[in-house]
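Asker: here is my input; please provide its structure:
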Amino acid sequence: FICIYLHIGRGLYYGSYLYKETWNTGILLLLTLMATAFVGYVLP
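Answerer: Model (predicted):
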């Protein structure tokens, strides 16, 4: 998750959040990653 947070920080630094499509794709990927990590932790 450290790499994900570094990637988000880089996007905020370079102003990539101004593009709506990039923002939506990033949030979707973050939620997918969090869901995958949660399911991988919960399931045996």
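Asker: show me the contacts for residue 11.
Answerer: 17, 22, 26 (Cβ atoms under 8 Å, 6 or more residues apart in numbering). (Each C-beta comes from the backbone N, C-alpha and C, glycine too.)
Asker: what separates the helix or strand it falls within from the chain centre, distance-wise?
Answerer: According to DSSP states H and E, residue 11 maps onto helix 2-14. Helix 2-14 sits 9 Å away from the centroid of its parent chain (Cα atoms, centre = their mean, to the nearest Å).
Asker: only alpha carbons, please: show that helix as CSV.
Answerer: This file holds the C-alpha atoms of helix 2-14, laid out as CSV (Å, rounded to 0.1, in the frame of the first residue of the first chain):
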residue,chain,number,x,y,z
ILE,A,2,3.0,2.3,0.4
CYS,A,3,3.5,2.3,-3.4
ILE,A,4,-0.2,3.2,-3.9
TYR,A,5,0.1,6.1,-1.5
LEU,A,6,3.2,7.3,-3.2
HIS,A,7,1.5,7.1,-6.5
ILE,A,8,-1.5,9.1,-5.2
GLY,A,9,0.9,11.7,-3.8
ARG,A,10,2.7,12.0,-7.1
GLY,A,11,-0.6,12.5,-8.8
LEU,A,12,-1.6,15.3,-6.4
TYR,A,13,1.8,16.9,-6.8
TYR,A,14,1.7,17.0,-10.6
